[in-house]
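1. Need a 3D model of the sequence below.
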Amino acid sequence: MNYLIRRCLISLGLIYVVTTLLFLALHIVPGDPAELLLSGGGVAPAPETVAELRDRLGLNDPLWKQYIDHLVRLAHGDLGTSFQDDHPVVEEVVRRLPRTLELILAAAVLALAIGLPLGALAAVRRGRATDRILSGFASFNLSVPVFVTGTILVLVFAQKLRWVPAGGYTPLATDPLQHLVFLLMPAFAISVGLAAVVFRMARAAVLDTLERDWVRTARAKGLSPRRVVVRHVVRNALTPVVTVLGLHMGSLLGGTVLVEYVFNWPGVSSLLVRAVEQRDYPEVLGVVLVVSFLFILLNLVVDLLYALLDPRVRHA
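-> Residues are numbered from 1 along each chain as shown. Take a look at the predicted model:
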């Protein structure tokens, strides 16, 4: 219980620090959002019009007052109103966020399904051709940027073979099959590098577990090598794999920008790009805050899972 309370308090502190730093960083960025909003068509707006809009947006208030108002709004679940269309930011984030989370979750499932068994296989065949080939392929995948992988997938499977569309989005409720078709390539593009990370961690964890005394005891009792590996070794090697996968899933929350752009996937990352281009401070702040909150929350869940899998962590 003390471990749970300590981790929750640390997470709340991180959320407050991130909130404050983001607020200050956005107000340091050069450029007047009011002037930018009124500069459509390249025509410079009148100073009195800019001043009126700044007053309406609350940009003329002292920074400390804007900060207090910002914290009060966040406490009520209000992420502010977009400068561009006057719509609540939280509505747009809530609409797009499940799409990004779905993309990340699908990539994590694929990465685990690919990386874990191949990592265990490479560890069991350590030093052989299978191990060298799989390890080399994993190292290669780690060095390839995700946008390169996505572009290659589009060129091969969408333009050359014409097996799947190059990109787009269909709601799951409208057409489940078409939704999965659109989801497949961007999820696979993300999972390639993540699967290589899972592979390397699984290989190292299985190699370490194979050297344990209780593994030799299980073999001495006459258990088949396959049963020892599948039921005992892999199960006990899951702790570091789950930790690494969870941490990288958090990183993917902010790393899907290029994938969503390449495959025209309307997630929260593309919303962030649009908000940055338009100097829409509330939208930028809202998106980054939600992503940061989810990243911290995911790290908390990983810590709790780690403590559940390894009771020694709770007493550290």
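2. Can you report how many residues neighbour the spatially closest residue to Thr256 that is not a sequence neighbour?
-> Residue nearest to Thr256 in three dimensions, not counting chain neighbours: Ser269, with 4.7 Å by Cβ to Cβ, 6 or more residues apart in numbering. Glycine gets a C-beta too; all of them are placed from N, C-alpha and C. Residues within reach of Ser269, counting by other Cβ atoms under 10 Å, total 24.
3. and the gap between Ser269 and Val276?
-> 11 Å (Cβ to Cβ, to the nearest Å).
4. do the same with Leu289
-> Distance, Leu289 to Val276, by Cβ to Cβ: 14 Å.
5. next one: Arg235
-> Taken as Cβ to Cβ, the span from Arg235 to Val276 is 44 Å.
6. Looking at Leu289 and Val276, which one has more neighbours?
-> Neighbours per residue, other Cβ under 10 Å: of Leu289 and Val276, the larger number sits with Leu289, 21 against 15.
7. Helix or strand: which one has the more buried one?
-> helix 281-309 (DSSP states H and E).
8. picking that back up, pretty sure the residue nearest to Thr256 sits against Thr100.
-> Yes - if you go by Cβ atoms under 8 Å, Ser269 and Thr100 touch, sitting 6.2 Å apart.
9. who touches both of those two?
-> Here Ser269 and Thr100 have Thr256, Glu260 as joint contacts, going by Cβ atoms under 8 Å, 6 or more residues apart in numbering.
10. residue ranges with poor pLDDT in the stretch 51-200 of the chain?
-> 56-57 (pLDDT under 70).
11. For it, just list every one of the strands.
-> Ranges of strands within the stretch 51-200 of the chain: none, based on DSSP state E, counting those that start in this stretch.
12. quick one, phi/psi of Pro164?
-> Wrong residue type there; residue 164 is Val, not Pro. phi -140, psi 160 (degrees, to the nearest 10).
13. and it, how many residues sit next to it?
-> 14.
14. do Val192 as well
-> 21.
15. hang on, it packs against Val144?
-> Yes - the pair formed by Val192 and Val144 meets the contact definition of Cβ under 8 Å, at 7.4 Å.
16. mind listing the helices for the stretch 51-200 of the chain?
-> Remark: helices assigned in the stretch 51-200 of the chain by DSSP state H, counting those that start in this stretch are 63-75, 89-124, 129-143, 146-153, 176-210.
17. Redo those as TSV? Include distance to Ala166.
-> Below are these laid out as TSV (distance: least, Cβ to Cβ, whole Å):
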stretch	distance to Ala166
helix 63-75	39
helix 89-124	16
helix 129-143	22
helix 146-153	9
helix 176-210	8
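18. so which of those helices gets nearest Thr239?
-> helix 176-210 (7.6 Å; Cβ to Cβ).
19. okay, the angle between that closest one and helix 146-153?
-> 130 degrees (axes from the mean of the first three to the mean of the last three Cα atoms, to 10 degrees).
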